[in-house]
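Undergrad: heads up, no residue letters with this:
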């Protein structure tokens with residue numbers, strides 16, 4: 001496939017939905033006085049959606065976005081394996097950054113996006 005062929009592909013609608021949810025949650029944290037330190041931090045083991053900080057509280061947030069609850073609430077998509085992977089990635093992020101924090105928290109954000117309406121965000125602070 002030529003490089004120009006890649007540019008002709010339609011954008012992935014699931015990725016676009018996820019990006020919209022992450023944008024909304026990042027704005028939610030910023031409005032609450034947090035600073036976004038990282039978005040979509042990737043390593044071989046996986047990805048951290050959002051890393052935010054307010055004062056000396058560092059938060060790793062997993063964002064799940066859905067168009068409906070037909071298959072359950074967004075938060076229900078987070079498995080035990082996913083939680084373990086997020087913890088592993090958080091440790092790697094902290095090691096790379098040599099971050100010093102007083103409080104560490106893991107949040108889960110559920111985002112429901114329906115056509116024509118603003119996203120509905122629910123953040124479960126200290127989820128795991």
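TA: Thanks, I have it. Remember, predicted model here, so these are calculated numbers, not experimental data. Numbering: from 1, shown residues only.
Undergrad: need the contact list for the spatially most central residue of the chain.
TA: Against the mean C-alpha coordinate of the chain, by CA atoms, centre = their mean, the closest residue is residue 49 at 2.9 Å. For residue 49, the contact set (CB atoms under 8 Å, 6 or more residues apart in numbering) comprises 22, 25, 39, 40, 61, 62, 63. For the C-beta atoms, the positions are set from N, CA and C on the backbone; glycine is no exception.
Undergrad: now with 10 Å?
TA: Going by CB atoms under 10 Å, 6 or more residues apart in numbering, residue 49 touches 18, 21-22, 25-26, 38-41, 60-65, 86, 107-109.
Undergrad: and those, which of them are in strands?
TA: Taking DSSP state E, the ones among those that sit in strands are 38-41, 60-65, 107-109.
Undergrad: Can you tell me which of these are classed as buried?
TA: Listed as buried from the ones in strands among the contacts of residue 49 are 39, 41, 60, 61, 62, 63, 64, 65, 107, 108, 109; burial here means 16 or more other CB atoms under 10 Å.
Undergrad: My guess is the fourth one contacts residue 86. True?
TA: Yes. Under the criterion of CB atoms under 10 Å, residue 61 lies in contact with residue 86, with a separation of 9.4 Å.
Undergrad: where do the contact lists of those two overlap?
TA: In contact with both residue 61 and residue 86: 48, 49, 106, 108, 127, using CB under 10 Å, 6+ apart.
Undergrad: Which one of the residues you listed is nearest to residue 71?
TA: For the shared contacts of residue 61 and residue 86, the residue nearest residue 71 by CB to CB is residue 108; the value is 16.6 Å.
Undergrad: Next one: the closest one from residue 96, what distance?
TA: 23 Å (CB to CB, to the nearest Å).
Undergrad: same check, this time on residue 51
TA: Between residue 51 and residue 96 the computed distance is 11 Å (CB to CB).
Undergrad: So which of the two has more stuff around it?
TA: Remark: of residue 51 and residue 96, residue 51 carries more neighbours, 23 against 10, as counted by other CB atoms under 10 Å.
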